[in-house]
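Novice: Whatever this is, show me its structure:
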Amino acid sequence: YSLTMAYLDDCKSIEDVIETLKRYIKDNNIPAGTWVEGRGWNETNYPERRMPNRHDLDRVSKEHMISIGRSCSFICITNTKALTELGFMEELPEVSLGMVETDENGVPTGIFRGEAKEAVYSRLPKLGVEKIKKSIIAACEKYKEAGITSAETDDFELTRAGDFNDILQAYKELDEAGELPIRVNLMLYLPEDEQQQEFYKYGFKTGDGSDFFKIGKFKLLTDGSLGVREAALLEPYSDDPATYGGPLVTQEAICRKVKDAYEHGLITVCDGMGDFGIYLALKAYEPIIKAHPQEDLRFGIDHCQITTEGIIEEYARLHVVAGCELVFVKSDIEIAEDRVGKHRASLSYNWKRFFDNGCVVAAGSDSPVEDYNPMFGIEGAVNRRDWDNRPEEGWYSDQCITVKQAVHAFTTGAAYANYEENEKGTIEVGKFADLIVLSDDIFTMDKNDLAKASVEKTIIGGKLVYSI
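Specialist: Here you go, the predicted model:
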């Protein structure tokens, strides 16, 4: 769905954001009185040194309702027309998590932080099954060109799509018609107890489905983005000692939800960005793992960014899968030390330490937060440099991994995470013939050029589905 929005990733300033949105409205001939969405802005290096607000978006249009999401997906901003349409200029929405930001007069600035963004997203026009199907196909076609033959997605998080029943129906119809371009595992983001209980009525368990569409893991968010200081930390932020970030769920709630999902046949994967967010997930998994030592429980934690002393060793002890978005190191080098200081930064984004401790690493991109091209993740993890190739020697270069390890994470590690190692992840007799042909031999080429390797052919199930 993000492919239909205004693309704000390349904006270098608030003025850029404003002009990009104006062009988007004009180029797409969007009529007044309708919603305009954008995503991908990131104020970290904007010369204005602040986030956009409703007044900035009012300069784009006072006739359209505008909503734009930050690159991390944890903040959205609306213009005054949208706030008025939603009734928030008269009365602020009640939110249990996150924050609706206001000025000194108690008037909303248009900035919705954390889960408060759902007050906006839940009120946007719903896509419906047919538009959901078009969005799924559009994304899968892009992934196919990047050499991605399987994707794991948490589409239930897109509340503006409709409820999860619509999303399930869309996938079911595409699968039955043989129209899914790639294989998909659907993670189940059901943060509310009522949603969780309603989903159980289907009777689905992790791994149910066909060769092209499977029910994946139950998904929970423990914390938010490091960039906006919402990753939950055990010690305060170095550049804002008044805050520790904030967990999005209590220990009691996450333990209850994980146990309930397990009892209904669903294995959980949590997002854990800060060390405290990761700790919450580990402590929720531990009693179930101890109570069922003979079961093959592949609980997972995605992101795994701020991993201070002892945490990675806990992954290993409990056999928790590390879902590492390898490309994050390229984007976060410029902020990590500011946020957590040099000592904690040296222990963070420690992809090599996961391997050294015998953990299963399953790589992803967190698209559309980051670019979905796996070569960016491989190059980033091997060289540990930012998008401008700095520092030349690599950021905490002792944590650089090999090309083989990075490829392993994107293939065999990812297959293992979803109980699919007997079907996917290696090229051998008896497995799906899912493979790609690259322009270069990435195992022998200059590691500085890894990101230049391109996909020439993508083959899924023995069929050529993409070729340059």
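
Novice: can you pull out the helices in the stretch 251-400 of the chain?
Specialist: According to DSSP state H, counting those that start in this stretch, the stretch 251-400 of the chain carries its helices in the segments 251-263, 275-291, 311-318, 328-346, 351-356, 374-383.

Novice: buried sites along the third one?
Specialist: Put plainly, it is helix 311-318. Of the residues in helix 311-318, 311, 312, 314, 315, 316, 318 count as buried by neighbour count, 16 or more other CB atoms under 10 Å. C-betas here are computed from N, CA, C, even on glycine.

Novice: Could I get the residues you listed in CSV, plus columns for pLDDT and distance to residue 193?
Specialist: Below are those laid out as CSV (pLDDT from 0 to 100; distance: CB to CB, whole Å):
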residue, pLDDT, distance to residue 193
311, 98, 28
312, 98, 32
314, 98, 27
315, 98, 28
316, 98, 32
318, 98, 25
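
Novice: Which single one of the residues you listed is nearest to residue 354?
Specialist: Closest approach between those and residue 354, by CB to CB: residue 312, at 5.8 Å.

Novice: wait, that closest one sits on residue 353?
Specialist: Yes - with contacts counted by CB atoms under 8 Å, residue 312 reaches residue 353, the gap being 5.1 Å.

Novice: ok but residue 67 is inside a strand, no?
Specialist: Yes - the assignment for residue 67 is a strand, going by DSSP: H, G, I helix; E, B strand; the rest coil.

Novice: what sits opposite it in the beta ladder?
Specialist: Per DSSP bridges, the residues bridged to residue 67 are residue 37, residue 78.

Novice: Kindly tell me how buried it is, as a neighbour count.
Specialist: Residues within reach of residue 67, counting by other CB atoms under 10 Å, total 25.

Novice: Let me know whether it touches residue 119 as I believe.
Specialist: No - Residue 67 is beyond contact range of residue 119, at 11.0 Å (criterion: CB under 8 Å).

Novice: returning to what we had before: turn the helices of the stretch 251-400 of the chain into CSV, columns for distance to residue 458.
Specialist: Output for the helices of the stretch 251-400 of the chain, formatted as CSV (distance: least, CB to CB, whole Å):
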stretch, distance to residue 458
helix 251-263, 34
helix 275-291, 34
helix 311-318, 32
helix 328-346, 24
helix 351-356, 26
helix 374-383, 12
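
Novice: out of those, deepest packed?
Specialist: For the helices of the stretch 251-400 of the chain, the largest average neighbour count (mean count of other CB atoms under 10 Å) is found in helix 374-383, namely a mean of 25.

Novice: Follow the chain on from that helix and name the next helix or strand.
Specialist: With elements assigned by DSSP states H and E, the helix or strand that comes after helix 374-383 is helix 403-408.

Novice: what helices or strands is that following helix leaning on?
Specialist: Where contact means 3 or more CB pairs under 8 Å, 6 or more residues apart in numbering; DSSP states H and E, helix 403-408 is packed against helix 351-356, strand 361-364, helix 374-383.

Novice: Among those, single out whichever gets nearest to residue 106.
Specialist: Proximity to residue 106 (CB to CB) singles out strand 361-364 among the helices and strands packed on helix 403-408, at 40.7 Å.

Novice: Which strands or helices does that closest one pack on?
Specialist: Helices and strands touching strand 361-364, by 3+ CB pairs under 8 Å, 6+ apart, are strand 321-325, helix 351-356, helix 374-383, helix 403-408, helix 414-417.

Novice: Show me how far the shortest one is from its chain's centre.
Specialist: Remark: helix 414-417 is offset 17 Å from the chain centroid, using CA atoms, centre = their mean, to the nearest Å.

Novice: please renumber so the chain begins at 315
Specialist: With 315 as the first residue, the last one maps to helix 728-731.

Novice: In the protein, which residue is most central in space?
Specialist: By CA atoms, centre = their mean, the chain has its centre lying nearest to residue 680, at 3.5 Å.

Novice: my guess is that one contacts residue 642, does it?
Specialist: Yes - at 7.3 Å, residue 680 and residue 642 qualify as touching, with contact defined as CB under 8 Å.

Novice: need the contact list for residue 371.
Specialist: Residues near residue 371 by CB atoms under 8 Å, 6 or more residues apart in numbering: 332, 335, 380, 382, 391, 392, 393, 394, 424.

Novice: again, only using 6 Å
Specialist: 380, 393 (CB atoms under 6 Å, 6 or more residues apart in numbering).
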